[in-house]
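Engineer: from the sequence below, what's the structure:
(chains A and B)
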Amino acid sequence: MRTRQTSRTPPTSRTRRAARAGQYTALLGYLLLLAFPLLWLLSTALKSPRELAALHPAWIPRDPTLANVRQAFAEQPLAHAALNSLLVAFCTAAVAVLIATPMAYVMARHRTRTARAATGWVVVSQAFPFVLVIIPLFLVLKKLRLIDSLTGLVLVYVVWALPFALWMLVGHVRAVPVELEEAASVDGAGRLRTLVSVTAPLLGPGIAATALFAFVTAWNEFFFALVLLKSPGKQTLPVVLTHFIGAEGVADLGPLAAAAFLATLPSVAVFALLQRRITGGLLAGAVKS
Amino acid sequence: MADARTPPAAARGPAVRRAADHGSWFLVLPALIPILLLSVGPLLYGILLAFTDAQSGRTAATRWIGALNFRDLLHDTLFWESFRIGLVWAAGVTVPQFLLALGLALLLNQDLRLRGLARALAIVPWAMPEVVVGIMWRLVYNPDAGVLNETLRDLGLGAGRDWLSGLATALPAVILVGVWAGLPQTTVALLAGLQNVPRELHEAAAVDGAGAWRRFTTVTWPALRPVALAITALNLIWNLNSFALVYVLTSGGPGGKTRLPMLFAYEEAFRYGQFGYAAAMGCVLVAVVSVLLAVFLAGRLRGGDRA
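Structural biologist: Numbering: from 1, shown residues only, chains lettered A, B, ... in the order given. Okay, here's the model as predicted:
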């Protein structure tokens, strides 16, 4: 075997160089594919109305302007919508983490029937067809007078963010050595006590990551917000963004691009923070666990 | 674990023992109650609604009408058309996306320069709100000011075209956006799967003279298969349920050519107020999703056996 390999070395190095070139071409193509639309969004956001109306749109705006940002804020209640989104996302993250942590703890530590059922539900709800859920939710929330209310939306988002939050947290709980908890229980601490004073502090980074994920989920969500929020003063950012697109699909491109770009900043910032955890295989981890 | 805990707890009296025994119930409740009330409950209620004539804003009481909604649905050509479009969309997004992602994951698993940049940049489409992805691609596709038409013009490939409102081009144009939007996520998931492929096996196969393709089919793919299967099933399910992207891009137009089942059900429920009928549509979707979910779970179980 070894002799065969040595004899093949010269052609291999040449094919390897060709393969390398191919690999870099593919990688460059991928980067272009990723960056192209993003750069266009940014470029459109910075163009002056006159340049937007030009027959041949330029890649790079000749004299970049923030006029679109100002106009976007003037056309739609963007600041208010952003505040709504922020509030909803923050509350969703806080409540989701607060109620998911104890449950994740039980799911990770005890193979009881409840824990197993919960795990099963977590898997199934990943695939939840929300069209079937939204109609009854709408009716129930209407009865509770929680339609057109941010509280109602937060309730829906919390439950919607729970499966993923549980999944992330269960993994983090399993990473905490059981021995620490056993020591606490020998000292007479109950389960809640053990969780609060021994396990939870060690879960800090996991809880933070989960909260950030829930935040982004709520910040980006559109469908439930579209159905549940009616009055313009209550709507969240994604819903208000669609108002820039008129009935005939005609849009004021500059302000639309500017507003859309601004709306991505928080979630992109959060994802950048979480990058290591995400590339560490958040999804694949979920798939395998 | 419970054994290690019980003796000292018992020694400290009944109150403490109760806390230890029923502690897990108490900890599960804060999450379990909302789940039951806002997730499991509505799902069951939704299935019940499918057998009623529930409508919004009607004063008469809602009546039980049996399978009538489903019978109507059977003859509703518009629904089956949207169902067909949904399947074309889900497969049209999932399959090319998977193949591209697999190639990219293999690529990013190599020791290449710019790899870090590619991974960092991949976060952006993933993190973007779907509404913004839709808006962004509307700008790209824009017949007058869009970059796609401008590039095609520069290449001498015809004048500006309104891709999103052409009867023949709308669905492919929307599918392309779907592929773009989910590509990073699928790539990262497969990349994580690749990192579990034992390097030694690869090297052993290489020493035995196996070429790249041979190594892929005998070493990489068998290890990656469970993850790949699960990801594909999940992507199919997510795409069947997708709404925001196409709502922003075309609202289902032109002429219903991109009207996905979710868009159809949304209109039926919240534009025309046909709650019962829309719920029946939801049930049909659930049935299809359940089949996919079974595939997903089978993939998970097989993955568990291997691990």
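
Engineer: the closest residue in space to A:Leu98 that isn't next to it in sequence and B:Leu38, how far apart?
Structural biologist: Nearest residue to A:Leu98, sequence neighbours excluded (CB to CB, 6 or more residues apart in numbering or on different chains): B:Pro30, at 7.4 Å. C-beta coordinates here come from the backbone N, C-alpha and C atoms, glycine included. For B:Pro30, the distance to B:Leu38 (CB to CB, to the nearest Å) stands at 13 Å.

Engineer: and those two? Which one has more around it.
Structural biologist: When neighbours are counted by other CB atoms under 10 Å in any protein chain shown, B:Pro30 and B:Leu38 differ, and B:Leu38 comes out ahead with 23 against 15.

Engineer: right, and the more buried one touches A:Val159 too?
Structural biologist: Yes: if you go by CB atoms under 8 Å, B:Leu38 and A:Val159 touch, sitting 4.3 Å apart.

Engineer: can you get me a residue count around the spatially closest residue to B:Val133 that is not a sequence neighbour?
Structural biologist: Of all residues not flanking B:Val133 in the chain, B:Ala181 sits nearest, at 5.0 Å (CB to CB, 6+ apart). B:Ala181 has 22 neighbours, counted by other CB under 10 Å.

Engineer: test my guess that B:Ala181 contacts B:Ala244.
Structural biologist: No: the pair formed by B:Ala181 and B:Ala244 falls short of the contact definition of CB under 8 Å, at 10.1 Å.

Engineer: so what sits against both of those two?
Structural biologist: B:Glu130 (CB atoms under 8 Å, 6 or more residues apart in numbering or on different chains).

Engineer: host element of the residue nearest in space to the middle of chain B?
Structural biologist: Centrality entry for chain B: nearest residue to the mean C-alpha point is B:Trp238, 1.7 Å, by CA atoms, centre = their mean. Per DSSP states H and E, B:Trp238 falls inside helix B:221-240.

Engineer: and that helix, what's buried?
Structural biologist: B:223-224, B:226-240 (16 or more other CB atoms under 10 Å in any protein chain shown).

Engineer: likewise for stretch B:47-62?
Structural biologist: Buried residues in stretch B:47-62 (16+ other CB under 10 Å): B:47, B:49-54.

Engineer: same question, stretch A:34-45
Structural biologist: A:34, A:37-38, A:40-45.

Engineer: touching it from outside, list them.
Structural biologist: A:52, A:58-61, A:68-69, A:253-254, A:257-258, A:260-261, B:118, B:121-122, B:124-125, B:132, B:135-137, B:139-140, B:145-147, B:180, B:184.

Engineer: for residue 130, what are its contacts?
Structural biologist: I went with chain A, as the question did not name one. By CB under 8 Å, 6+ apart, the neighbours of A:Phe130 are A:160, A:223-224, B:241.

Engineer: should've been chain B
Structural biologist: A:220, A:222, A:238, B:181, B:242, B:244-245, B:248 are the contacts of B:Glu130 under CB under 8 Å, 6+ apart.

Engineer: now A:Val176
Structural biologist: A:199, A:202-203.

Engineer: which of the buried residues of helix B:221-240 come close to chain A?
Structural biologist: Of the residues in the buried residues of helix B:221-240, proximity to chain A by CB under 8 Å from any CB of the partner chain holds for B:226-227, B:230-231, B:234, B:237-238, B:240.

Engineer: how about a markdown table for these, with pLDDT added?
Structural biologist: Below are those laid out as a markdown table (pLDDT from 0 to 100):
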| residue | pLDDT |
| --- | --- |
| B:Pro226 | 83 |
| B:Val227 | 85 |
| B:Ala230 | 83 |
| B:Ile231 | 87 |
| B:Leu234 | 85 |
| B:Ile237 | 88 |
| B:Trp238 | 89 |
| B:Leu240 | 90 |
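
Engineer: narrow the buried residues of stretch A:34-45 to those in helices?
Structural biologist: Using DSSP state H, A:34, A:37-38, A:40-45 are the members of the buried residues of stretch A:34-45 that sit in helices.

Engineer: kindly reformat those as TSV containing distance to A:Gln76 and pLDDT.
Structural biologist: Formatted as TSV, those follow (distance: CB to CB, whole Å; pLDDT from 0 to 100):
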residue	distance to A:Gln76	pLDDT
A:Leu34	29	89
A:Pro37	22	89
A:Leu38	22	89
A:Trp40	22	88
A:Leu41	17	90
A:Leu42	20	90
A:Ser43	21	89
A:Thr44	17	89
A:Ala45	15	89
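
Engineer: show me where the stretch 201-307 of chain B has helices.
Structural biologist: B:212-215, B:221-240, B:244-249, B:261-270, B:275-306 (DSSP state H, counting those that start in this stretch).

Engineer: which among the contacts of stretch A:34-45 count as buried?
Structural biologist: Here, 16+ other CB under 10 Å leaves A:52, A:61, A:68-69, A:253-254, A:257-258, A:260-261, B:118, B:121-122, B:124-125, B:132, B:135-137, B:139-140, B:145-147, B:180, B:184 buried among the contacts of stretch A:34-45.

Engineer: which of the residues you listed fall in helices?
Structural biologist: Among the buried ones among the contacts of stretch A:34-45, the members found in helices (DSSP H) are A:52, A:68-69, A:253-254, A:257-258, A:260-261, B:118, B:121-122, B:124-125, B:132, B:135-137, B:139-140, B:147, B:180, B:184.

Engineer: for the residue in the stretch 101-250 of chain B positioned nearest to chain A, grab the count of nearby residues.
Structural biologist: Nearest residue of the stretch 101-250 of chain B to chain A (CB to the nearest CB) works out as B:Ala192 at 2.9 Å. By the criterion of other CB under 10 Å, B:Ala192 has 21 neighbours.

Engineer: run the angle between the helix or strand where it lies and helix B:275-306 for me.
Structural biologist: B:Ala192 belongs to helix B:170-194 when assigned by DSSP H and E. Counting by axes from the mean of the first three to the mean of the last three CA atoms, to 10 degrees, helix B:170-194 points 30 degrees away from the direction of helix B:275-306.

Engineer: what's the mean pLDDT across helix B:170-194?
Structural biologist: On average, the pLDDT along helix B:170-194 is 92.

Engineer: and it with helix B:221-240, angle?
Structural biologist: 140 degrees.

Engineer: which other helices and strands contact helix B:170-194?
Structural biologist: Here helix B:170-194 touches helix A:9-46, helix A:253-279, helix A:282-288, helix B:77-108, helix B:115-127, helix B:130-141, helix B:221-240, helix B:244-249, going by 3 or more CB pairs under 8 Å, 6 or more residues apart in numbering or on different chains; DSSP states H and E.

Engineer: centre of the chain to that helix, how far?
Structural biologist: Chain-centre distance of helix B:170-194: 10 Å, with CA atoms, centre = their mean, to the nearest Å.

Engineer: could you give the angle of that helix to helix A:9-46?
Structural biologist: Using the same axes, to 10 degrees: helix B:170-194 against helix A:9-46 is 130 degrees.
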